[in-house]
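[1] fold the following and give me the result.
(one chain, ligands or ions: 1)
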Amino acid sequence: MKYDDNNIFARILRGDLPCQKISENEYYLAFHDLYPRAPVHVLIIPKGPYGDAFDFHNQATPDEIVGLYKGVNSVIENLETSEGYRLISNTGHHGGQEVPHYHIHLLAGQKLNKHSIA
Ligand code: AMP
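    Down below sits the predicted model:
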């Protein structure tokens, strides 16, 4: 996938758009979803220019991959997820991806519908 530098998350990473930041490191940024579908609805994104899950897994460095997934764990540890959570990554047209920058949704805080998607 050719990366679109002007997607919303690229603009958030550049500081051109605000976000409700939760945490970050050199490799990831975690922030609240603007239209939460659960009491906890967080997006965790890599800082590098990867359009989807495949591009990230295929092209990111080992440090970038570890850095992103440490970010997922940081969110799990620091928000209310003691009763469980759901991780979702919508990819491409059939997957329902709206923003073409790889992101992981973390949903928690209530019993989630088996078929609910973020
Ligand atoms: P997806 O449909 O998997 O691409 O998810 C994109 C997510 O980004 C949706 O859940 C939106 O609610 C969320 N979103 C869109 N714009 C923003 C924004 N400016 N800040 C935070 N979340 C956003």
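[2] mind checking how far stretch 2-16 is from the chain centre?
    Between the mean C-alpha location of stretch 2-16 and the chain-wide mean there is a distance of 14 Å, by Cα atoms, centre = their mean, to the nearest Å.
[3] what residues does that stretch touch?
    When contacts are taken as Cβ atoms under 8 Å, 6 or more residues apart in numbering, the neighbours of stretch 2-16 outside the stretch itself are 17-19, 29, 31, 43, 45, 47, 49-51, 55, 99-101, 103. From N, CA and C alone the C-beta is placed, and that goes for glycine too.
[4] for that stretch, list the C-alpha coordinates in CSV.
    Extracted as CSV, the C-alpha positions of stretch 2-16 are listed here (Å, rounded to 0.1, in the frame of the first residue of the first chain):
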residue,chain,number,x,y,z
LYS,A,2,1.4,3.4,-0.9
TYR,A,3,1.4,5.5,2.3
ASP,A,4,-0.7,8.7,2.3
ASP,A,5,1.2,11.3,4.3
ASN,A,6,-1.9,13.4,4.8
ASN,A,7,-4.0,10.8,6.6
ILE,A,8,-5.4,11.8,10.0
PHE,A,9,-3.0,9.8,12.1
ALA,A,10,0.0,11.1,10.2
ARG,A,11,-1.2,14.6,10.9
ILE,A,12,-1.7,13.8,14.6
LEU,A,13,1.9,12.4,14.7
ARG,A,14,3.2,15.6,13.1
GLY,A,15,1.3,17.7,15.7
ASP,A,16,-0.9,19.3,13.0
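[5] isn't residue 51 up against residue 103?
    No - with contact defined as Cβ atoms under 8 Å, residue 51 does not reach residue 103; the gap is 10.4 Å.
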